[in-house]
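J.: Model the structure of this input:
(one chain, ligands or ions: 2)
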Amino acid sequence: MKIIMLGAPGAGKGTQAKMIADKYGIPHISTGDIFRANIKEGTELGQKAKTYMDQGLLVPDELVVDLVVDRVGKEDCANGYVLDGFPRTIPQAESLDAALDKLGEKIDFALNVEVPDENIVNRMSGRRACVSCGATYHIVHIPTKVEGICDRCGSELILRDDDKPETVQKRLGVYHEQTQPLIDYYKAKEVLVEVDGTKDMQDVFTDIVNILGA
Ligand code: AP5
Ligand code: MG
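T.: Ligands and ions are numbered 1, 2, ... in the order given. Just a heads-up that it's a prediction; the model follows:
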């Protein structure tokens with residue numbers, strides 16, 4: 001099962017993608033997590049990506065497309081995967097389709113997690129993220145057992161550099177301009193499904209499982 005998560009920054013793509021990956025036993029591929037891991041390790045890719053991410057801008061397509069195309073060709077992706085944060089522009093979607101075409105494969109579901117902009121800023125300021133395993137929490141909605149420590153892997157949690165309110169506003173603008181057009185792109189391919197992301201996290205997941213099938 002090949003799944004794409006669409007939705008604004010903070011809609012809950014990562015939260016749901018992780019739950020989908022666990023339930024269906026497929027890899028969760030988050031381009032944001034890949035960039036953050038590279039930043040943490042101080043790689044060249046990480047240094048390049050950081051200058052864009054800190055401003056709330058998208059990293060250029062050429063830095064992200066090959067990375068994802070390579071990743072989905074790996075053996076652990078044979079039974080499918082859940083892509084989180086990719087594609088984010090029409091050229092990225094077209095490059096992915098071209099790569100899948102060559103393999104005789106296609107995307108099965110593009111899940112659009114819908115949350116109005118008003119709810120987003122509040123979610124982001126309370127978010128805490130684990131750079132080691134990618135888990136995401138919220139200080140009020142989804143607290144950890146021990147403050148500041150990841151429940152899954154025990155690492156220290158961070159407040160992301162791009163979660164400052166003014167950067168979140170910028171990211172929302174970039175989303176509406178460059179990423180939202182993908183909704184029509186996947187609608188035309190008849191794989192788009194809308195999901196109400198304002199519900200409680202578990203209820204959102206139940207809706208998604210009903211769409212994907214047990
Ligand atoms: P990325 O890491 O993908 O960030 P994003 O798309 O902006 O999305 P977020 O991760 O902020 O939100 P999310 O939807 O995953 O929400 P989450 O589950 O955490 O990208 C970061 C940057 O990297 C980009 O800005 C760009 O620069 C670059 N980049 C990445 N991919 C790229 C690409 N393909 N091309 C170019 N550049 C790229 O949830 C948010 C919060 O809400 C959490 O605290 C969570 O606990 C809480 N929450 C979740 N669900 C609920 C719920 N139902 N109710 C209440 N709270 C909830
Ligand atoms: Mg995310």
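
J.: shaky segments in this structure?
T.: By pLDDT under 70, the chain has no low-scoring segment.

J.: Identify the spatial nearest neighbour of the residue in it positioned nearest to ligand 1, chain neighbours not counted.
T.: Nearest residue of the chain to ligand 1: Gly32, at 1.8 Å (CB to the nearest ligand atom). All C-beta spots, glycine's among them, are computed from the backbone N, C-alpha and C. Nearest non-adjacent residue to Gly32, counting by CB to CB, 6 or more residues apart in numbering: Gly85, 4.7 Å away.

J.: Could you report the neighbour count for that neighbour?
T.: If you count neighbours by other CB atoms under 10 Å, Gly85 ends up with 23.

J.: in terms of contact, does it touch Lys13 like I think?
T.: Yes - between Gly85 and Lys13 there is a contact under CB atoms under 8 Å: 6.6 Å.

J.: related to what we said a few turns ago, quick one: contacts for the residue of the chain closest to ligand 1?
T.: Gly32 is in contact with 14, 84-85, counting by CB atoms under 8 Å, 6 or more residues apart in numbering.

J.: Just the ones in strands from those residues, please.
T.: Cross-referencing these against strands under DSSP state E gives Asp84.

J.: Of the contacts of Gly32, which fall within the contact range of ligand 1?
T.: 14, 85 (CB under 6 Å from any ligand atom).

J.: Now flag whichever of the contacts of Gly32 is closest to Asp151.
T.: Nearest to Asp151 among the contacts of Gly32, counting by CB to CB, is Gly14 at 15.1 Å.

J.: Pairing partners for the nearest residue to that closest one once chain neighbours are set aside in the sheet, please.
T.: In this structure, Gly14 finds its nearest non-sequential neighbour in Thr136, 5.1 Å apart by CB to CB, 6+ apart. Per DSSP bridges, the residues bridged to Thr136 are Ala129.

J.: you'd agree Thr136 is up against Arg127?
T.: Yes - if you go by CB under 8 Å, Thr136 and Arg127 touch, sitting 6.3 Å apart.

J.: what's the distance between stretch 2-19 and the middle of its chain?
T.: Between the centre of stretch 2-19 and the centre of its chain there are 5 Å (CA atoms, centre = their mean, to the nearest Å).

J.: Mutual contacts of Gly85 and Lys13, please.
T.: What both Gly85 and Lys13 touch, as defined by CB under 8 Å, 6+ apart, is the set Met5.

J.: where does Cys153 land in three-state SS?
T.: Using DSSP: H, G, I helix; E, B strand; the rest coil, the structure places Cys153 in coil.

J.: Would you mind confirming that it is in contact with Thr144?
T.: No - with contacts defined as CB under 8 Å, Cys153 does not count as touching Thr144, sitting 11.3 Å away.

J.: These two - which one has more neighbours?
T.: The residue with more neighbours, out of Cys153 and Thr144, is Thr144; 17 against 11, by other CB under 10 Å.

J.: ok, the more buried one to Asn38 distance?
T.: In this structure, Thr144 and Asn38 are 25 Å apart, going by CB to CB, to the nearest Å.

J.: tell me the residue furthest from the middle of this protein?
T.: Ranked by distance from the centre of the chain (CA atoms, centre = their mean), the top residue is Val146, with 25.2 Å.

J.: What strand or helix carries that one?
T.: Per DSSP states H and E, Val146 falls between elements, in no helix or strand.
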